[in-house]
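*Asks:* no FASTA, just this:
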C-alpha cells in the first residue's frame with residue numbers, strides 16, 4: 001500500500017473527520033465566547049470596579065522611554081517595548097476560559113443525558129437454571145419429610 005493511499009485511508013476515517021469538524025467549530029465558538037467576555041461581560045465588570053476598560057489594568061515594570069508620547073494604554077506601552085504586568089488582560093482571558101469550560105461541561109452533560117435516554121434498559125436477568133441433580137436431591141428430601 002502506498003504512502004498516499006494509507007494517508008487517504010487515515011484521513012477519511014470517521015474519527016479524524018469528526019475531530020477536524022470539532023476543532024473548526026470549537027475555534028469559531030471560542031471567538032464567540034471571547035467576544036461575549038470582551039465586549040459584554042468585562043465592560044460591566046470594569047464599570048463595577050470603577051474602570052472603563054478592564055484590559056488597561058496593568059503595572060509598569062520598567063521605565064517608559066523619554067520619547068514616548070501619547071496615552072499610556074496597554075497597547076501603546078506594549079508597542080513601545082515597556083514591560084508590563086497586565087493583570088487585567090489575564091483576568092479577561094481567565095474569565096473567557098472559565099465560561100468556555102462551563103459551556104463545554106453543559107454540552108457534554110446534555111450529550112451524556114441523551115445517550116442514556118437512547119440506550120434501552122437492560123433486560124431483567126433470568127433466574128439461573130437449577131441443575132438436574134439438585135432438583136432430584138430436593139425431591140428426595142421433600143419426600144422423606146412427608
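*Replies:* Looks like it arrived, so ask away. What you see is a predicted model, and the numbers here were worked out from it, not measured in a lab. Residues are numbered from 1 along each chain as shown.

*Asks:* The one helix or strand residue 133 maps to - contacts with which helices or strands?
*Replies:* Element membership for residue 133, per DSSP states H and E: helix 132-145. Counting contacts by 3 or more C-beta pairs under 8 Å, 6 or more residues apart in numbering; DSSP states H and E, helix 132-145 is packed against no other helix or strand. Quick note: C-beta positions are derived from backbone N, CA and C, even for glycine.

*Asks:* tell me how far it is from the chain's mean position?
*Replies:* 63 Å (C-alpha atoms, centre = their mean, to the nearest Å).

*Asks:* got it, and stretch 27-40?
*Replies:* 14 Å.

*Asks:* Ok, stretch 130-139 next?
*Replies:* 58 Å.

*Asks:* for the record, mean pLDDT for that stretch?
*Replies:* For stretch 130-139, mean pLDDT is 88.

*Asks:* For burial, what's the neighbour tally of residue 27?
*Replies:* Around residue 27 there are 9 other residues, counting by other C-beta atoms under 10 Å.

*Asks:* give me the number of residues near residue 125?
*Replies:* 6.

*Asks:* quick check, it in a helix?
*Replies:* No: Residue 125 is assigned coil when assessed by DSSP: H, G, I helix; E, B strand; the rest coil, not a helix.

*Asks:* What is the distance between the helix ranked longest in the chain and the centre of its chain?
*Replies:* Criterion DSSP state H: the longest helix present in the chain is helix 87-118. Relative to its chain's centre, helix 87-118 lies at 5 Å (C-alpha atoms, centre = their mean).
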